[in-house]
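S.K.: A predicted structure for the sequence below; I have some questions about it.
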Amino acid sequence: MWMLPVQNQSWVSEFILLGFSNDPTSNRILFIAFLLLYLSSVLGNGLIITLISLDSHLHTPMYFFLSILSLLDMGYVTTTIPQMLVHLISSSKTISFAGCWLQMYVFGALGLTESILFVIMAYDRYVAICHPLRYTVILTWELCMWLATLAWTCGFFLSLIHTFSTMGLPYCGPNIINHYFCEGPSVWSLACMDTHIIEMVDLVISVFVVVAPLSLILASYIHIALAISKIKSTQGRCKTLSTCASHLTVVTFFYVPAIYIYMRPNSSYSPDHDKQISFVYNILTALLNPMAYSLRNKDFKVAILKVMGSGRMAWTMGC
């Protein structure tokens, strides 16, 4: 561990985010591509929240947690993508120290909350499949609200620890971050001291919000698999499996990249590779969620038809 004498240090007041490319032509193409992805993600997740709020048939614990997931995904991409879009078409690629601090905190809080929410959604599927007759008795609205509050509280509290431990390090130069947003490993690699302690703190948090949730999700699906194996009807097994396929898909796309980014030694840090991995769990996962949960979901198709029918009727009466 080393530090320069305080009187000779010049502390960093802003960072420069390199993004994906320095070529103006490539940046314009990336701007259009990322803008379309961002709008698709926001509109898709916004549609899910709207349908769940308007259709009373979707007022169940499963869709309540899904609406929270969509809200988290909208916040997730909004924390990073708008600023990246500005940097793609602007000559300035700077972000203030406070802005970097805030972006890292909010992004981490939403991500940690989503990690815990996936466990809750797995528990919801476990109760629905293994104890269908007691579903409404076990998952009461009071319990659902308590679980949601727990997820948000843990996410924002743990992110505070992670952000303070990262941004509390001394940064005396350089200030160039080879990333498109302020992500923990990309920032603390610039610190003017040994980052072994922050790596350990991050590892402990990762174990709590990655390994533990994955273990609980795995335990839930082991019980679900045993329950499905007892269903004699092939059609019944396929229908039950389809209710879990969407959750398993988004869990895989979220946890695998997160494990790679946050649960490895800093010595193996690769900025260019990490940007691509971050793109998967930041942008693609938020885009995948509404597609995975709505394309093969009959309840959503019925809700869309109802909303479209109500809108057409209101327009006709207005005319």
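M.R.: Noted; the coordinates are in hand.
S.K.: from N175, how far off is H273?
M.R.: 22 Å (CB to CB, to the nearest Å). C-beta coordinates here come from the backbone N, C-alpha and C atoms, glycine included.
S.K.: neighbour count winner among those two?
M.R.: Comparing H273 with N175 by other CB atoms under 10 Å, the one with more neighbours is N175, at 17 against 12.
S.K.: contact partners for the more buried one?
M.R.: Contacts here follow CB atoms under 8 Å, 6 or more residues apart in numbering; on that basis N175 touches 12, 14-16, 190.
S.K.: so A191: helix, strand or coil?
M.R.: Following DSSP: H, G, I helix; E, B strand; the rest coil, A191 is assigned to coil.
S.K.: residues contacting it?
M.R.: Contacts of A191 were listed using CB under 8 Å, 6+ apart, and they are 169-171, 198.
S.K.: and if you look at D73?
M.R.: D73 is in contact with 41, 45, 114, 285-286, 289-290, counting by CB under 8 Å, 6+ apart.
S.K.: quick one: buried ones out of the contacts of N175?
M.R.: Among the contacts of N175, the ones that count as buried by 16 or more other CB atoms under 10 Å are 12, 15, 190.
S.K.: okay if I get these as TSV plus pLDDT and distance to S294?
M.R.: Putting the buried ones among the contacts of N175 into TSV (pLDDT from 0 to 100; distance: CB to CB, whole Å) gives the following:
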residue	pLDDT	distance to S294
V12	78	44
F15	91	38
L190	85	41
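S.K.: want to throw these into JSON lines with distance to V256?
M.R.: JSON lines is the format used below for the buried ones among the contacts of N175 (distance: CB to CB, whole Å):
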{"residue": "V12", "distance to V256": "33"}
{"residue": "F15", "distance to V256": "28"}
{"residue": "L190", "distance to V256": "27"}
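S.K.: nearest to Y255, of those?
M.R.: L190 (27.1 Å; CB to CB).
S.K.: pretty sure that closest one contacts Y171?
M.R.: Yes. Assessed by CB atoms under 8 Å, L190 is found in contact with Y171 at 5.9 Å.
S.K.: any shared contact partners between those two?
M.R.: Residues touching both L190 and Y171 (CB under 8 Å, 6+ apart): V12.
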